[in-house]
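Participant: Starting from these lines, generate the structure:
(one chain, ligands or ions: 1)
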Amino acid sequence: MRIRFTKMQGAGNDFVVLDETRGALGLDATQYRFLADRHFGVGADQILSVRPAPGEGVDFQYVIHNADGGEVEQCGNGARCFMRFVREHGLTDKDQVRVQTLSGVIEPRMGADGRVTVDMGAPIFEPQRVPFDTAGLDPQHDNGWHTWHLTLGTHAESAKVSVAVLSMGNPHAVQIVPDVDTAPVAKQGPAIEHHPRFPQRVNAGFMQIVDRSHVRLRVFERGAGETLACGTGACAAVVAGIRLGRLDSRVDVQTHGGLLTIEWTGDGAPVLMTGPAVTVFEGDIEVPDAP
Ligand SMILES: N[C@H](CCC[C@H](N)C(=O)O)C(=O)O
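Facilitator: Predicted structure coming up:
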């Protein structure tokens, strides 16, 4: 099947975007993996599908698949690219749209400077909704919130890390580290992603706090590995830092791929994320038929 696609990136987190507003392509996990493959396909961290509104009160549906082919609930950098895509492809003339995702409705808005701001909804803290299995774990109280000690690896060489756990619709485990450049992302990332206490796996964040309004962040993403930026990861890291009393309500997040700005005024409030969204190229590709 030959399909048309648009390659986009938001702070270096890159996407294949598919316009399915005139009919679903009916792709399966194997075909999503093919599109994401950086040698045999187009190459991307995630595949984003733009689909018609499933009902009243929203403008579009937004379906996200990781590079491993699995469908996920949310993608922040992708939401900004979604906004640019629907504008550039004439699918809307609005500056702000309501978009239905697996985890609720988000609202991206085009900024005058070309950056996009997204209302990502309110964070979720109840462990069972992340989901995170806390059986037998004692929360480590920290400035009015808490973190959790996870043991990684086998007895031979186990490491204990302290993570803040929350959901932005998708699951996140955030560590505060002294220096992101020396953080053991490649080693601890997979161990956290696949930790048995996360039945849906988890995105592993490594945050260095520079001051109360500036952080550096690396994220080993569920289903994609370390990416140059992770939008929901930036939201989760800033919310964790604010809840732990370490950050103010507006934070610049420096990632390897670029700068994101996150704002959160506290429990119950939505998280606002602002950052770039860039169209790289358009193309079409022959996708092997599903077996
Ligand atoms: N890997 C994530 C999905 C993409 C999130 C990230 N690309 C973002 O910008 O939020 C997950 O499995 O939950």
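
Participant: For the stretch 151-291 of the chain, just list every one of the helices.
Facilitator: With DSSP state H, counting those that start in this stretch, the ranges of helices along the stretch 151-291 of the chain come out as 185-193, 231-243.

Participant: Show the secondary-structure elements that the last one is packed against.
Facilitator: When you say that, I think you mean helix 231-243. Using 3 or more C-beta pairs under 8 Å, 6 or more residues apart in numbering; DSSP states H and E as the contact test, the elements touching helix 231-243 are helix 76-88, strand 159-167, strand 171-176, strand 203-211, strand 214-221, strand 250-255, strand 258-263, strand 272-275. Placement of C-beta: from N, CA and C, glycine included.

Participant: Redo those as a markdown table? Include mean pLDDT.
Facilitator: Formatted as a markdown table, the helices and strands packed on helix 231-243 follow (pLDDT from 0 to 100):
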| stretch | mean pLDDT |
| --- | --- |
| helix 76-88 | 98 |
| strand 159-167 | 96 |
| strand 171-176 | 98 |
| strand 203-211 | 98 |
| strand 214-221 | 98 |
| strand 250-255 | 98 |
| strand 258-263 | 98 |
| strand 272-275 | 98 |
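
Participant: pLDDT value on residue 154, please?
Facilitator: pLDDT for residue 154: 69.

Participant: switch to numbering from 209
Facilitator: Done: numbering now begins at 209, and the last item shifts to residue 362.

Participant: Need the contact partners of the worst-scoring helix or strand of the chain on mean pLDDT.
Facilitator: Within the chain, no helix or strand scores below strand 348-350, which has a mean of 91 by mean pLDDT, DSSP states H and E. Strand 348-350 is touched from outside by 354, 355, 356, 357, 370, 452, with contacts defined as C-beta atoms under 8 Å, 6 or more residues apart in numbering.

Participant: so residue 290 touches residue 225, yeah?
Facilitator: Yes. Counting by C-beta atoms under 8 Å, residue 290 touches residue 225, with 7.5 Å between them.

Participant: Have a look at those two and say which one is more surrounded.
Facilitator: Comparing residue 290 with residue 225 by other C-beta atoms under 10 Å, the one with more neighbours is residue 290, at 29 against 24.
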